[in-house]
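Asks: Kindly return the folded structure for what I paste below:
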Amino acid sequence: MFGWRHGQQAPPAVAVISSDVEALMFALIRALPFAARPRLVFTPFIFTQRMSPLLNRVRLGYYRFVMRRVSCAICHSTLETERYRSLFAGCNTDFVFVPWGGHVPTPAEVLAQAAPLPPNNGPPRVVAAGRSGRDYPTLVAAVAALPCRLTIICNEHAALGGVAASEQVEVLTNTFHADYLMQLLQADVVVVPLQVEDISAGQMVLIQAMALARPLVVTGTPTVGDYLHNRDTALLVPRGDASAMAAAIRQLLDNPAAAAAMGRRAQARYAAQFSTDAHLRALVKAVSGSADGLDLVAGLSDQDLCA
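Replies: Numbering: from 1, shown residues only. Here you go, the predicted model:
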């Protein structure tokens, strides 16, 4: 929650929530006599489509009911803010873009916490991770003719899209926290292959790779453009294009000095725009500048901000 100053008993001006259930609970509480009535900020907000048109209509009606009780919704891509403003027109909800961000341990912290990996005396390692909106079949096709090993970290079998472990491809499950970050840290190239274009996907993995200064190849969807600059902080490739993805991976593997420089630029951008401090300040700024005119930033110090 934001705006609750130390030493004061006044209720918060804003409640930050993360689910539709919380929105409805707060709406009920605010209806009680003498209850505090903080404005609700929903973060992050993602509205996904379903295969059934009927189910889509029912869900849209339900979420319109929910969003009428929310003052501001934080989205992790500019594409989504534009889409939701249209879908939820008339709900009086302000949709605001704030990049995904947060704390990622430094390489030294990862090395101190994780179980050590055996030295890589074989071919270069390409690592991919995540489950939402992934296109692993295109990635597997891309590396098929490359002199590398591919590690995919994914806990949902369905998200693999039919990909199975092979002599070249390793599939890891139950790999979390420092052990997961160690896999990224040991990668010669991190790839984020994406299938979806209309919702946020892949940001968490690509930002973790940026923080660890890993060279990146990413499917260039509209939502990715809010985070990466092609040929500066990553190589972006067309969706579903295995040949282009293979060429980008090969370019980084064949030019380790250029790949390392790209990783350092990505790491600097993480520190400036996606670190915990940068994310918190962007969130407060977004809420303070939302259409409801709420002024939270003026006079607040870091110690005045609570979540």
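Asks: hey, let's count contacts and neighbours off CA atoms from now on
Replies: Noted.
Asks: Isn't residue 178 up against residue 107?
Replies: No. Contact criterion Cα atoms under 8 Å: residue 178 and residue 107 do not qualify, at 10.1 Å.
Asks: Tell me which of those two has more neighbours.
Replies: Taking neighbours as other Cα atoms under 10 Å, residue 178 and residue 107 compare with residue 178 leading, 18 against 14.
Asks: gap between the more buried one and residue 222?
Replies: 30 Å (Cα to Cα, to the nearest Å).
Asks: same thing with residue 237?
Replies: 12 Å.
Asks: can you check residue 257 too?
Replies: Using Cα to Cα, one gets 29 Å for the distance from residue 257 to residue 222.
Asks: of those two, who's got more company?
Replies: Higher neighbour count among residue 257 and residue 222: residue 222, with 16 against 11, using other Cα under 10 Å.
Asks: just checking, the more buried one touches residue 79?
Replies: Yes. Here residue 222 reaches residue 79: they are 6.9 Å apart, a contact under Cα under 8 Å.
Asks: Between these two, which contacts overlap?
Replies: The contact sets of residue 222 and residue 79 overlap at residue 198 (Cα atoms under 8 Å, 6 or more residues apart in numbering).
Asks: now the strands for the protein?
Replies: Under the criterion DSSP state E, the chain contains strands at 14-17, 39-42, 72-75, 94-97, 125-129, 149-153, 169-172, 189-192, 216-219, 235-237.
Asks: do you know which of those lies nearest residue 252?
Replies: Shortest distance between residue 252 and the strands of the chain, using Cα to Cα, is found for strand 189-192: 7.2 Å.
Asks: So which elements touch the closest one?
Replies: strand 125-129, helix 203-211, strand 216-219, helix 242-254 (3 or more Cα pairs under 8 Å, 6 or more residues apart in numbering; DSSP states H and E).
Asks: Can you list the strands that that strand pairs with?
Replies: Counting by DSSP bridges, the strands paired with strand 189-192 are strand 125-129 (parallel), strand 216-219 (parallel).
Asks: what's the most buried one of those strands?
Replies: strand 216-219 (a mean of 27; mean count of other Cα atoms under 10 Å).
Asks: for the record, mean pLDDT for that strand?
Replies: Within the predicted structure, the mean pLDDT of strand 216-219 is 98.
Asks: Can you dump the C-alpha atoms of it in PDB for me?
Replies: Output in PDB follows, covering the C-alpha atoms of strand 216-219 (Å, rounded to 0.1, in the frame of the first residue of the first chain):
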ATOM      1  CA  LEU A 216      19.900 -12.700 -25.500                       C
ATOM      2  CA  VAL A 217      18.000 -13.900 -28.500                       C
ATOM      3  CA  VAL A 218      14.300 -13.100 -28.200                       C
ATOM      4  CA  THR A 219      11.200 -13.400 -30.400                       C
END
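Asks: what residues are up against residue 223?
Replies: Contacts of residue 223 (Cα under 8 Å, 6+ apart): 77-79, 197-201.
Asks: what's the answer for residue 40, then?
Replies: Residue 40 sits next to 14-17, 23, 69-72 when contact means Cα under 8 Å, 6+ apart.
Asks: any chance of these in TSV, plus pLDDT?
Replies: TSV is the format used below for the contacts of residue 40 (pLDDT from 0 to 100):
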residue	pLDDT
14	81
15	84
16	86
17	90
23	93
69	93
70	94
71	91
72	92
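Asks: Centre-most residue in the protein?
Replies: Geometric centre of the chain, nearest residue: residue 203, 3.0 Å, by Cα atoms, centre = their mean.
Asks: now the stretch 1-150 of the chain, which segments are flagged as low pLDDT?
Replies: 1-10, 117-118 (pLDDT under 70).
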